[in-house]
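Visitor: Dropping a prediction and its sequence here:
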Amino acid sequence: MLPEIGNFALALALAAAILQGIVPMVGAQRGDAQWIAMARPLAWAQFLLIALAYAILTHAFLTDDFSVLYTANNSNSLLPVVYKLSAVWGGHEGSLLLWVLFLSLWGVFVAVFSKSLPNVLVARTLAVMGLVAVGFLLFTILTSNPFDRLFPAALDGRDLNPLLQDPGLVIHPPMLYLGYVGFVVPFALVVAALIGGQLDATWARWSRPWTTIAWVFLTLGIAIGSWWAYAELGWGGWWFWDPVENASFMPWLLGTALIHSLAVTEKRGAFRSWTVLLAIFTFSLSLLGTFLVRSGVLVSVHAFATDPSRGIFILMFISVVVGGSLLLYAARTHKMESGGQFSWFSRETLLLSNNLLLTVAMLTVLLGTLYPIILDALGLGKISVGPPYFNAVFVPLMLPLIFLIGVGASSRWKADQPGRVMQRYGILFTFAMLAGVALPWVVYGDNGITLALAVGFGLWVILSSLQDLIRKLRQSGSLNLSNLGMHVAHIGTGMLVLGVAFTSAFSIERDLRMDPGSKVALGEYQFALQGFEEVKGPNYTSTTGTVHVYDMNDNKIAILYPEKRIYTVQTMPMTEAAVDTGLFRDLYVAMGDPIPGTDGWAMRVYYKPFVLWIWLGPLVMAIGGLLALLDPRYRKLAKRARTALKEEAHVSESATARPAPVMTRSTS
Amino acid sequence: MTPQRKRRLIFVALILAGVGIASGLVLSALNQNINLFFSPTQVARGEAPQQTVFRLGGLVEDGSVQHISGAGSDLRVNFAVSDGAHSVPVYYAGILPDLFREGQGIVALGTYENGQFRAQEVLAKHDENYMPPEVADALDSAQKQAVENMKSGY
């Protein structure tokens, strides 16, 4: 009975979403205050109904209700409870439900935290989000209903894919989805502003915190996914340029560009049309990512569906969203004033370069990801584009970007002199570059041009951010939070760059045969295999190895327990790598296969310097984003805008809160 | 030149330079890193290039997997990949993926030299029922070929 109620709740949510998409929009057009006021309650209704459906599906998992097809396919009575909870989004249908749940959750956030926005703008924004929800709810109900029944009910479920039974995978999808879906808010705000024809700096100011919070979630989601691939897949890699990884990375690249271009639009009123386009394309890439992952055109761990009708549905939906918003953009763009002036060397120019590099990087990833799919669709043969392509293209684009972070964050708006920046940061930069040359030599005994540049630029970003923070602290005795957040995020980027540089250059990876009692030397470490034993888990059996690790002086520094598990239901072997994590190096052991006719196993034994920094970096970046969000400036602005709104409401109805006149209309 | 025009000129120059450099990079990188797919039948017919990295896909032939590591610590494996019509011997040094089994569909990346495929990488996807689409196609066309051959009286 419950699953039918879940089904019904989804249908009602669709009805609420349709109303949310139409009523406030029409109300805003007509100036009907009552219809406009419907936006917030409808957003709540939609969210509560989807949350009910989600709770019912979770209940089916917790009570092992295998009369629901989706539960039978993705769970098992022996599955540990925490994985039953995460199995709810472990398959195609459930992950879509999580998508729409988050979509409606963002709608509620907008409804709650927009008290200071003009009601008309809120109504239009929520209406746009409602229309997006209509698309996804239709998709869920028509092609991927999680409440479909199985008759007769299965005796037991087919179990969750063992790959997904990992703590990292419990948090990775929700984080990633919150980020992915979160870009709907800046998108909806932009579309609402375009419809209303009010593209002043107000929407830029309002879009900034929403973009930042979505970006924070996406950053964390991608980082956790990368960590999972490292620990769970047993390959020891942290990024594979897998099409599905790229699908999440492309909106991240453009979202990062959007954060920076929004800063220019808010502070200086420049780049307005560009920012609008970025907001539209960032969300479009989120949709494209959903299409790539959910349509079955890609085959990977992440791709669940192989039903062509699903692919066509999402493709049509993307065309409507992108096409519609671009048409709107074309119709309204003449209304946009061109923004403030700036000289060739200024923070604006540097941020423009940042945007160019990020956009081009996104396009190269897009090309590498779509090229095989397009060739295949045209019947021109099956090809694959490997990691060497991405590395060859990506690294040369990222190096200048990293260099520019330090320059951009320390230069002035409007006009600056290269000489001034040189004077202030020249010594620091020289020091960083010398360290980039010397450090790898001294510590690891080797270096190269790309490596020296990467280490030098990484250090330069960290040091210049620190110096700027210290200088500001000395000058004024306090720090403003958004400035602190920016520098912290940049320091995180520098840490990530250092981690990538050192891991790529100095990892030692050996795949070899190990017999119980044998010892293997790897760099300055010794790995001694003690033996294997059979262990029984709740829904698997495992062969667990015991490996003692010694350092140069024969001190035992770690005991590692790599596992090879066989999951009983799906009879699927799974590698659980054992890692001794340190700030400056990871020691990594994973089991391959037993070698027939011997006691030996094929083993992977890795030494990975600085690999932790690859995940610490994004964590620090995310903290930076959160700090910027906490800036009291946004709250003060909200307060001021609220009072301004109240005053203006007395004077005229159509007026909106305008920012200080920073931009001038320029005519040529 | 007005400041406005000058600014626009800088914009355009920057964009052109960025796009130019990027497309150069992209094209050369794409050229070098596209890996074509060949089936065992195509390899047997000599259609696959020599000394160029390509992907070979098919089923791991039953009874063909031989571990040739002796007492040493290196891992060497010989096996054969087949599409039902032809089979190609493959050599690989390293750890095979979790789902590598006889009778399983796999894709290997490597070069073809002197009648042997030297794999740098072996991929078996993480689902026991999964068949890589290329492999499915290769098996399919090999089977069609066999049926046609039978019809025409070979």
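Guide: Perfect, I can see it now. Numbering: from 1, shown residues only, chains lettered A, B, ... in the order given.

Visitor: Provide a list of residues in contact with the closest residue to A:Gln34 other than its chain neighbours.
Guide: Leaving aside its sequence neighbours, A:Gln34 sits nearest to A:Gly27 (Cβ to Cβ, 6 or more residues apart in numbering or on different chains; 7.2 Å). From N, CA and C alone the C-beta is placed, and that goes for glycine too. A:Gly27 makes contact with A:Ala33, A:Gln34, A:Trp35, A:Ile36, A:Ala37, A:Met38, A:Ala39, A:Ala123, according to Cβ atoms under 8 Å, 6 or more residues apart in numbering or on different chains.

Visitor: got a markdown table for those residues, with distance to A:Leu428, pLDDT and neighbour count too?
Guide: Output for the contacts of A:Gly27, formatted as a markdown table (distance: Cβ to Cβ, whole Å; pLDDT from 0 to 100; neighbours: other Cβ atoms under 10 Å in any protein chain shown):
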| residue | distance to A:Leu428 | pLDDT | neighbour count |
| --- | --- | --- | --- |
| A:Ala33 | 57 | 92 | 12 |
| A:Gln34 | 60 | 94 | 8 |
| A:Trp35 | 58 | 94 | 18 |
| A:Ile36 | 54 | 94 | 25 |
| A:Ala37 | 55 | 94 | 15 |
| A:Met38 | 56 | 94 | 21 |
| A:Ala39 | 51 | 95 | 30 |
| A:Ala123 | 50 | 95 | 29 |
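
Visitor: Chain B: which of those is nearest?
Guide: A:Ala123 (36.1 Å; Cβ to the nearest Cβ).

Visitor: How about the contacts made by the closest one?
Guide: A:Pro24, A:Met25, A:Gly27, A:Ala28, A:Trp35, A:Ile36, A:Met38, A:Ala39.

Visitor: change it to 7 Å
Guide: A:Pro24, A:Gly27, A:Ala28, A:Ile36, A:Ala39 (Cβ atoms under 7 Å, 6 or more residues apart in numbering or on different chains).

Visitor: A:Leu155 versus A:Ile508, what's the distance?
Guide: Remark: distance between A:Ile508 and A:Leu155 (Cβ to Cβ, to the nearest Å) = 49 Å.

Visitor: ok so, going back, report the secondary structure state of the residue nearest to A:Gln34.
Guide: Three-state call for A:Gly27 (DSSP: H, G, I helix; E, B strand; the rest coil): helix.

Visitor: pretty sure A:Phe317 contacts A:Gly135?
Guide: Yes: A:Phe317 lies in contact with A:Gly135 (Cβ atoms under 7 Å); the separation is 4.6 Å.

Visitor: could I get stretch A:145-159 in CSV with only the CA atoms?
Guide: The C-alpha trace of stretch A:145-159 is given here as CSV (Å, rounded to 0.1, in the frame of the first residue of the first chain):
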residue,chain,number,x,y,z
ASN,A,145,9.4,5.2,-11.5
PRO,A,146,11.0,3.8,-8.4
PHE,A,147,7.7,2.5,-7.1
ASP,A,148,7.0,0.0,-9.8
ARG,A,149,5.9,-3.3,-8.3
LEU,A,150,7.4,-6.7,-8.8
PHE,A,151,4.9,-9.5,-9.0
PRO,A,152,5.3,-12.0,-7.4
ALA,A,153,7.6,-10.4,-4.9
ALA,A,154,11.2,-11.5,-4.8
LEU,A,155,12.2,-13.7,-1.8
ASP,A,156,15.3,-11.6,-1.4
GLY,A,157,17.0,-8.7,-3.2
ARG,A,158,19.8,-8.8,-5.7
ASP,A,159,21.9,-6.7,-3.4
